[in-house]
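Asker: got a predicted model here, sequence first, then my questions.
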Amino acid sequence: MSDTKFKKGQVPWNKGLKGVNGTSESRWKKGNIPHTARPVGYERINRDGHIEIKVEGQRQMVYKHRWTWEQHHGEIPKGMVVSFRNGIRTDCRIENLILLTRSELARLNQSYIKYSTPETHESCVLLAKIKDASNKASGNKLERAK
């Protein structure tokens, strides 16, 4: 039999302690700023190519194109996404932003994104909107026929 097991009635060494290292009250000093903290207005480009910014009142970084849209037009409705007219993800001017439904964005990504260039991207977006509308219209005809 091994001596490494607890014996019946044996008291563990850490009974009555909070945490392995004792109290945690002295670990984080008041006013201590972590090394990962960023100032308000800080911008970075994430691995998808979108710009993220640090906004006051938010713990996490937010997408700059979404933040810009919300500053000009208010909250983004549920089921909608903010996309770029020219397809360049770092161009966050309000004139370059467009609001799409998720289904329109899916049509764009399925059918037209491979043909898109900055000059033709807006046309691809319009084609995706047409395809989505025609798909919804043909779906309504099928439902009425049943």
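Answerer: Looks like it arrived, so ask away.

Asker: mind listing the helices for this protein?
Answerer: Along the chain, counting by DSSP state H, helices occupy 64-73, 102-107, 121-145.

Asker: make JSON lines from those and add mean pLDDT to it.
Answerer: As requested, the helices of the chain are arranged in JSON lines below (pLDDT from 0 to 100):
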{"stretch": "helix 64-73", "mean pLDDT": "96"}
{"stretch": "helix 102-107", "mean pLDDT": "91"}
{"stretch": "helix 121-145", "mean pLDDT": "80"}
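
Asker: and residue 52, which of those is closest to it?
Answerer: Closest to residue 52 of those is helix 64-73 (Cβ to Cβ; 6.6 Å). The C-beta positions use only the backbone N, C-alpha and C, and glycine is treated the same way.

Asker: burial of residue 124, as a residue count?
Answerer: Using other Cβ atoms under 10 Å, residue 124 has 19 other residues around it.

Asker: relative to residue 89, how far out is it?
Answerer: Distance, residue 124 to residue 89, using Cβ to Cβ, to the nearest Å: 15 Å.

Asker: can you put the helices of the chain in a markdown table and add distance to residue 55?
Answerer: Listed next are these as a markdown table, based on distance: least, Cβ to Cβ, whole Å:
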| stretch | distance to residue 55 |
| --- | --- |
| helix 64-73 | 6 |
| helix 102-107 | 24 |
| helix 121-145 | 27 |
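
Asker: nearest to residue 36, out of the ones you listed?
Answerer: Nearest of the helices of the chain (Cβ to Cβ): helix 64-73, 19.5 Å.

Asker: helices or strands up against the closest one?
Answerer: strand 51-53, strand 80-84, strand 97-101 (3 or more Cβ pairs under 8 Å, 6 or more residues apart in numbering; DSSP states H and E).

Asker: would TSV of these with mean neighbour count be doable?
Answerer: Below are those laid out as TSV (neighbours: other Cβ atoms under 10 Å):
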stretch	mean neighbour count
strand 51-53	19
strand 80-84	18
strand 97-101	16
